[in-house]
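In: Sequence first, then the predicted structure, then my questions.
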Amino acid sequence: MCDDIWIGIDGGATSVKARAVQVLEGRCLSPVGRGVEREFGTGTDFRPLPVEEQAKRLAAPGADLAPGEREAGAERIEVYANTVGAVIAELPPGFESARVRLALCAPGRSGGDRRGLLVVRSGPRQPGFLDELEAALEARALDIAVPPTWIESDGTAATWGEQYGAHGAFVSVGNAFAVGCGTGVAESLKLNGRLCEPGDFPEGWRAPWSHEPGQGCAEDRISMAALGRRWREAAGSADQAHPFPESAACAGDTAACDVLSDMAGALARFVADRIALLHRSDVVLQRVVLAQRAAALLSEPRITACFGEPLRTRLTECLARSSHAGAYLTGGRLEPDFIVPSGLRCAPILGAVARALGWPAEVD
């Protein structure tokens, strides 16, 4: 019998994922049972404002929400509540009578009280997010002992998840960087044995969704949404059997291989830029972790020739031209385990729970 069970909730741009999480001895978290994912609908014609415009309107959050944006937000609240309900309904034996505690992370800027989503690149702004979620959970008569008290950054949650989740990729290394490529891009950083929140990142670090002068937005180059757009442009309507380039590449499609190779190059340049920025702070990374769908691409042996190998080759080329090549290249090569895929697809879920438990940033 378990007295408490956590449910971690990972909100995204296109869907929400949730899973039960068990707290183990030694400050370790493990997923329990089956995870649940629900996609957001497309029932409204809402289109988000540019993030720069949203940021200008922070003084009066929610005052300018149009009916379409409010409707889109309300639809998402329903999806969140239904996802939590599905996890509770499928708790494994031994957990049915446990007290349910919730922890939640989502992309976007959450404001001073961290209870609303005030700047969201790929979704509606929801200033009253947690209040609305609690009301939706109560309307379903779900027995929640402790609802979420704040919205955690998805990047910060992933950081804590890679450290405190069983088999996390940040364990045993002092300096590590993770980039999670899904519909958007989230980053995690561990420096000198300390897990970083966004405010701890080195000077000059710009969020992947922010526009850089003359370079545009990194998220538009390395996200899986960007990969999908490139594949649709390359394939047109010719390949209805393969909506994703990795499945087409596995089937021998050369256009899909080219799209994946181009994405690998863009990701290698992004990682090289992050390494250069860290070098200016005298930080040498020991590990780079690819997370979310990028981890699946790196892990798939059938597309190694058009993703994993180009990624490592182009990163090596970028580093070889840098002043810090000697810190990363041995005999002109990267160590084989320098870039690794995350083994925790649910790292943000685990990390949201670790943050709610108050587990520390100082770990080594």
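Out: It's in. Numbering: from 1, shown residues only.

In: who's in contact with Glu162?
Out: 168-171, 176, 178, 188, 190, 289, 291, 342, 344, 347, 351 (Cβ atoms under 8 Å, 6 or more residues apart in numbering). (Each C-beta comes from the backbone N, C-alpha and C, glycine too.)

In: at 6 Å what do you get?
Out: Gly168, Ala169, Phe170, Ala347 (Cβ atoms under 6 Å, 6 or more residues apart in numbering).

In: give me the number of residues near Arg269?
Out: Using other Cβ atoms under 10 Å, Arg269 has 17 neighbouring residues.

In: now do Arg206
Out: Residues near Arg206, counting by other Cβ under 10 Å: 13.

In: rewinding a little: for the contacts of Glu162, which one is nearest Arg229?
Out: For the contacts of Glu162, the minimum distance to Arg229 (Cβ to Cβ) is 25.6 Å, reached by Ala347.

In: how far away is the closest residue to that closest one other than its chain neighbours from Glu69?
Out: Among residues not flanking Ala347 along the chain, Gly161 sits closest, at 3.3 Å (Cβ to Cβ, 6 or more residues apart in numbering). Distance, Gly161 to Glu69, by Cβ to Cβ, to the nearest Å: 30 Å.

In: And for Ala327?
Out: Taken as Cβ to Cβ, the span from Ala327 to Glu69 is 47 Å.

In: Which of these two has more residues huddled nearby?
Out: Using other Cβ under 10 Å as the criterion, Ala327 and Glu69 rank with Glu69 on top: 21 against 13.

In: Pull the contacting residues for that one.
Out: By Cβ under 6 Å, 6+ apart, Glu69 lies in contact with Phe46, Pro124.

In: so where does it fall, helix or strand?
Out: Secondary structure assignment for Glu69, by DSSP states H and E: helix 67-89.

In: for the very next helix or strand once past that helix, what is the average pLDDT?
Out: Per DSSP H and E, the first helix or strand lying C-terminal to helix 67-89 is strand 99-106. Here strand 99-106 scores 96 as its mean pLDDT.

In: sorry, back to before: will you turn the contacts of Glu162 into TSV that also has distance to Val119 and pLDDT?
Out: Below are the contacts of Glu162 laid out as TSV (distance: Cβ to Cβ, whole Å; pLDDT from 0 to 100):
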residue	distance to Val119	pLDDT
Gly168	29	96
Ala169	29	97
Phe170	27	98
Ala347	23	97
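
In: From the residues you listed, pick the one nearest Ala272.
Out: Checking the contacts of Glu162 against Ala272 by Cβ to Cβ gives Ala169 as the nearest, at 19.5 Å.

In: I'd say the closest one and Val289 touch.
Out: Yes - contact between Ala169 and Val289 holds when scored by Cβ atoms under 6 Å: they sit 4.4 Å apart.

In: who touches both of the two?
Out: By Cβ under 6 Å, 6+ apart, the residues touching both Ala169 and Val289 are Ser342.

In: And Phe177, which helix or strand is it part of?
Out: Assigned by DSSP H and E, Phe177 falls in strand 176-181.

In: ok, residues contacting that strand?
Out: Residues from elsewhere that reach strand 176-181 (Cβ under 6 Å, 6+ apart): 158, 170, 186-190, 222-224, 285, 287-289, 291-292, 294.

In: The residues you listed in helices, which ones?
Out: Ala158, Ile222, Met224, Ala294 (DSSP state H).

In: Need those in TSV (columns: pLDDT).
Out: Below are the ones in helices among the contacts of strand 176-181 laid out as TSV (pLDDT from 0 to 100):
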residue	pLDDT
Ala158	97
Ile222	96
Met224	93
Ala294	96
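
In: Quick check on those residues: which are buried?
Out: Neighbour-count burial (16 or more other Cβ atoms under 10 Å) is assigned, among these, to Ala158, Ile222, Met224, Ala294.

In: distance of the second one from Arg293?
Out: When Cβ to Cβ is applied, the distance between Ile222 and Arg293 equals 11 Å.

In: All set, thanks.
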